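S.K.: Need a 3D model of the following:
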Amino acid sequence: MKETKDGTRSGRYSKAASNDSYPIILNIDDFKGDFSYDALFGKLVNELLPSYLEDETEASELSWANDAMPSGHLRTHSESGKFSQGISSPLFPEVDALLSMFKNSCLQLVDLRKQVDEKLYDLKKEVATQDSKHRKTLAELEKGIGGLFDSFARLDSRISSVGQTAAKIGDHLQSADAQRETASQTIDLIKYLMEFNSSPGDLMELSPLFSDDSRVAEAASIAQKLRLFAEQDPGTQGMAVSSVVGNTSASRGLDVAVANLQDYCNELENKLLTRFDAASQKRDLPSMAECAKILSQFNRGTSVMQHYVGLRPMFDLEVMNADANVVLGDPDSQPNPINVGVGLSSLFNEITDTVRKEAVTITAVFPFPNDVMSILVQRVLEDRVTKLLEKLLMKPSLANPPTMEQGGLALYLRMLAVAYEKTHDLSRDLRSVGCGDLDVEGLIESLFLPHKDTYLEYEQASLKQLYKAKMEELGIESQLSSESRGTIGRSKGASIASTQHQISVSVVTDFVRWNEEAISRSTLFSSQTATIAATVRAVFTCLLDQVCQYIKEGLERARDSLGEAAAMRERFVLGTSVGRRVAAVTSSAEAAAAAGESSFKSFMVAVQRSGSSVAIVQQYFTNSISQLLLPVDAVYAASCEEMASAMSSAEGSACKGLQQCIDTVMAEVERLLSTEQKATDYRSSDDGIGPDHRATIACTRVVAYLSRVLEAAFTALEGLNKQAFLTELGNRLHKGLMSHWEKFSFNWSGGLQLKRDTTEYAELVRSFNAPTVDEKFELLGILPNVFIVAPESLASLVEATPSIRKDAQRFVQLRDDYKSAKLASKLSSLW
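M.R.: Sure, this is the predicted structure:
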């Protein structure tokens, strides 16, 4: 509710008043657009709800004021109850007005819905009518369009028919025009032909066409056509011309025309070549191109192509002669392959640059540049490169090869490899520039074919020459070394083997290096797997022969030293047998012993170096050779067999030498035992002096000698070779000691001394790591007990250790009481 101007409030509307005072009128437009129910509802009720809210606020204020007493205190609850009972008003007085408004709104909404339904019905009816009309119109349009398409199809068919007819007419017209043109040209050609066939050598009566310099191209084309026409069949052509023109002179044929045409073409070609040369000197590329185009009608311009290439400055004789000086340098000095390679690279780069510059001109001038480039590159390879190779690669004679001071055969092969490699680099560069259809690789291979056919023969001869030169060099070094030592050392027998050179691993390394170089050339000169494998096998076989021969000769020299030492021992033995003086005998013995020890060590060094050399060859085969042979199974297997055979041959020489080493060692052992072993060593007198716990002097010297010389064997030998050698030496030592002791008589103290000796020997052979030898010397350590125990204990000793029974039967006879104790009868039951 709102206040009036005088401050009083207007009263509430009654129910009836509300119906009349707030008529609600709803329109269809209210529901159009962005319709919101909340907005519509607020619009309906907001006119009533504000008055209710204002009355409620006034009632709450009045109630609060009446609760307070006039005297300033609050009323009691009884008083407040009485006051509240005096006021009787509805809690929500506007509800009736709202209900009336809502009912009115519902009625209006029903009316509106009816209106909407009627409009929808009218619209549906109208849409159905319009749809029927539209469908009818579409059907009529489709019918008309179908007829239109049929008309278009008929029109298209007629147009196609007319076009085909027009095309046929055009083809006929074109054919007729071509025939007319051909006939016209033929008439002209016959006319020109008759002019050339008029009289021999007469070119003065020709048409102006053939003398007009501005129409040279046309004249050249016609002349070529006339030549082809006249050269096909002169007799037939003569008859044809007679029938057409009626010239009686044609009956003699077209021989005159052919001759005149040839003369004219030659004259024209020479004239054009002269013009081409003049333009070339001026670098007038358009004029050159014009001449080249005209000349291309004469054998595709072969003459002008060859003429142009032949006049290039790069083919001047002075230039080609200077090539050898650029590559070889000083003609009086021996060429160096490395320097030659540098010179070839520089020269070939210069040639490539020249060809590249010529390619630019050729492309701008000639109508067929690929053909010209083919001729140019072919001329480069056949003239300039060939002449250079002839001076660079002069094949030496195998019967009388150049000496090593002159470079030997190796120099020729190295020069060949460098030239081949650099020439192939040139071919690759020329192909990148352009060489038409020319087979550059095939042409280069043909240049080197005479050298490649005999390559393997020269390679094998070169390796043999290098080997021979190396052996001569080593022989000279050995001789000089021998002369520098003089005869003093040899007279003392200090080192027989030192007078000859030892096997050297560095020499074998040189063999392998030569072979690697040869293998690299073998793979360079061929690309076929089978050819490479066969060549590599042949070259590797040369290495096997060289290494095998070198090792065998070195081992034989070392064996000769062992033989010389043995001969010295024989002279010593003969000298003692004729009663030489003691001092002289001792000196000869020591010299023979020193020679034997030196020879032993020298042979062990030779064996060690032989093993290292073989390992180098095997490693080389595994790393390099096998990769080239594996693609061809048969060649690989054959090469493996050859290597095994060569190594076996060298091992045979080594085994013979090792046997001689054992003989040398045992000879010295026997000498030491025979000279140092005293009879009293094993028959000590019972003088009350305590036993000596040291080994005998002979045993000490033998052990020291063996320890000293076997250091070389331990270093040189390895694996099964070492085990076999030490086992054989151990067995020989055991047998020698047994034979030596059988020469002496033993008492019980001598048995103790022998036990100490056997202990020393067993300790020595334990380092051999030979189980069978250890077992023998272990039994040998038990055997001295035969001399130590009392006679009555011998039977139990032998029975307790049956493994010494056989040796004990012999050794028991060496006891000094063997006869006095009657041991033969007492022990007869044991044997």
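S.K.: Count the residues that sit near Asn747.
M.R.: 18 (other CB atoms under 10 Å). C-beta coordinates here come from the backbone N, C-alpha and C atoms, glycine included.
S.K.: what's the residue nearest to it when sequence neighbours are not counted in contact with, if anything?
M.R.: For Asn747, ignoring the flanking residues on the chain, the nearest one in space by CB to CB, 6 or more residues apart in numbering is Asp816 at 4.9 Å. Contacts here follow CB atoms under 8 Å, 6 or more residues apart in numbering; on that basis Asp816 touches 683, 745-747.
S.K.: So which residues of the stretch 101-250 of the chain form strands?
M.R.: Along the stretch 101-250 of the chain, no segments are classed as strands by DSSP state E, counting those that start in this stretch.
S.K.: for it, what are the low-confidence residue spans?
M.R.: 188, 191-218, 224, 227-250 (pLDDT under 70).
S.K.: Check the stretch 651-800 of the chain too.
M.R.: 685-692.
S.K.: Tell me where it has strands.
M.R.: According to DSSP E, counting those that start in this stretch, the stretch 651-800 of the chain contains no strands.
S.K.: Roughly how far does the residue nearest the centre of the chain sit from Val536?
M.R.: Centroid-nearest residue in the chain, with CA atoms, centre = their mean: Gln627, separated by 12.7 Å. Gln627 sits 10 Å away from Val536, going by CB to CB, to the nearest Å.
S.K.: hey, where'd the helices end up in the stretch 51-200 of the chain?
M.R.: 77-85, 95-196 (DSSP state H, counting those that start in this stretch).
S.K.: ugh, wrong one, the stretch 701-831 of the chain
M.R.: Using DSSP H, counting those that start in this stretch, helices in the stretch 701-831 of the chain cover 719-741, 748-765, 771-782, 785-788, 794-800, 805-811, 823-826.
S.K.: now those as TSV including mean neighbour count?
M.R.: Formatted as TSV, the helices of the stretch 701-831 of the chain follow (neighbours: other CB atoms under 10 Å):
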stretch	mean neighbour count
helix 719-741	17
helix 748-765	20
helix 771-782	16
helix 785-788	22
helix 794-800	15
helix 805-811	15
helix 823-826	12
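S.K.: Relative to Phe298, which of the helices of the stretch 51-200 of the chain is closest?
M.R.: The closest of the helices of the stretch 51-200 of the chain to Phe298 is helix 95-196. By CB to CB, the value is 16.5 Å.
S.K.: Give me the helices and strands touching that closest one, please.
M.R.: helix 15-21, helix 37-45, helix 216-232, helix 234-245, helix 255-281 (3 or more CB pairs under 8 Å, 6 or more residues apart in numbering; DSSP states H and E).
S.K.: and with 6 Å instead?
M.R.: Applying 3 or more CB pairs under 6 Å, 6 or more residues apart in numbering; DSSP states H and E, we find helix 95-196 packed against helix 15-21, helix 255-281.
S.K.: With respect to Ala716, which of the contacts of Asp816 is nearest?
M.R.: Among those, and counting by CB to CB, the member closest to Ala716 is Phe746, at 38.4 Å.
S.K.: List the contacts of that closest one.
M.R.: Applying CB atoms under 6 Å, 6 or more residues apart in numbering to Phe746 gives the contacts 682, 787, 814.
S.K.: Which residue is the nearest non-sequential neighbour of the second one?
M.R.: In this structure, Phe787 finds its nearest non-sequential neighbour in Gly751, 2.8 Å apart by CB to CB, 6+ apart.
S.K.: again, but for the first one
M.R.: Taking CB to CB, 6+ apart as the measure, Tyr682 lies nearest to Gly750, with 3.1 Å between them; neighbours along the chain are not counted.
S.K.: My guess is the one you found contacts Arg683. True?
M.R.: Yes - using CB atoms under 6 Å, Gly750 is in contact with Arg683, at 5.2 Å.
S.K.: Okay, helices next: where are they in the stretch 351-500 of the chain?
M.R.: Going by DSSP H, counting those that start in this stretch, the stretch 351-500 of the chain shows helices at 369-379, 386-392, 408-433, 440-453, 455-485, 488-491.
S.K.: Number of residues surrounding the closest residue to Asp437 other than its chain neighbours?
M.R.: Nearest residue to Asp437 in three dimensions, chain neighbours excluded: Ser374, at 6.0 Å (CB to CB, 6+ apart). A count of nearby residues for Ser374, using other CB under 10 Å, gives 20.
S.K.: Tell me if I'm right that Ser374 and Gly434 touch.
M.R.: No - in this structure, Ser374 is not within contact of Gly434 by CB under 6 Å, at 9.0 Å.
S.K.: Now list whatever residues contact both of these two.
M.R.: By CB under 6 Å, 6+ apart, no residue touches both Ser374 and Gly434.
S.K.: Can you redo the helices of the stretch 351-500 of the chain as JSON lines, where the extra columns are distance to Ala589?
M.R.: Formatted as JSON lines, the helices of the stretch 351-500 of the chain follow (distance: least, CB to CB, whole Å):
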{"stretch": "helix 369-379", "distance to Ala589": "84"}
{"stretch": "helix 386-392", "distance to Ala589": "67"}
{"stretch": "helix 408-433", "distance to Ala589": "50"}
{"stretch": "helix 440-453", "distance to Ala589": "65"}
{"stretch": "helix 455-485", "distance to Ala589": "23"}
{"stretch": "helix 488-491", "distance to Ala589": "15"}
